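**Q** Next come a sequence and a model predicted from it.
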Amino acid sequence: MEELIDQIECVDPDGGHVTVYVYQEIIPAGHWKDPNATIKGMKRAQLGNGQPVNYRGPDSFETLDRVRLERR
């Protein structure tokens, strides 16, 4: 299971506006004292069309075809 944890408005090199969606994996970690316990796992980022993006710094991302996206 995963949850949407952030939506980041970015600008591409042509001035177009895109939104990067950041998801985080939720890992079941239940035990006899707390059977519904979870822990947070890895994060991943993608565009609205599902294309994955890589983190390049606190204010930038990069698509797989090397297009840089800067936070607005």
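**A** Received it, and whenever you're ready, just let me know what you need.
**Q** Just give me the longest strand of the protein.
**A** Longest strand of the chain, by residue count under DSSP state E: strand 17-28.
**Q** Could you list the paired strands of that one along with their orientation?
**A** Here strand 17-28 has these sheet partners by DSSP bridges: strand 2-11 (antiparallel), strand 38-47 (antiparallel).
**Q** Those strands into CSV, with extra columns for mean neighbour count and mean pLDDT?
**A** All C-beta atoms are positioned from the backbone trio N, CA, C, and that covers glycine. Listed next are these as CSV, based on neighbours: other CB atoms under 10 Å; pLDDT from 0 to 100:
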stretch, mean neighbour count, mean pLDDT
strand 2-11, 12, 97
strand 38-47, 13, 97
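**Q** May I see the ones you listed organised as JSON lines, with distance to E62 added?
**A** Below are the strands paired with strand 17-28 laid out as JSON lines (distance: least, CB to CB, whole Å):
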{"stretch": "strand 2-11", "distance to E62": "11"}
{"stretch": "strand 38-47", "distance to E62": "10"}
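**Q** List of residues touching the longest strand of the chain?
**A** With contacts defined as CB atoms under 8 Å, 6 or more residues apart in numbering, strand 17-28 is touched by 1-12, 37-48, 53, 61, 69, 72.
**Q** got the buried residues for that strand?
**A** For strand 17-28, the neighbour count (16 or more other CB atoms under 10 Å) marks 18, 20-22 as buried.
**Q** Out of those residues, the closest to G57 would be?
**A** Minimum distance to G57 across those is 12.8 Å, recorded for V20 (CB to CB).
**Q** ok, for the closest one, nearest residue in space, not its chain neighbours?
**A** Excluding its sequence neighbours, the residue lying closest to V20 (CB to CB, 6 or more residues apart in numbering) is I8, at 4.5 Å.
**Q** what's across from the closest residue to T63 other than its chain neighbours in the sheet?
**A** For T63, ignoring the flanking residues on the chain, the nearest one in space by CB to CB, 6+ apart is V53 at 5.4 Å. When bridges are called by DSSP bridges, V53 pairs up with A45, T63.
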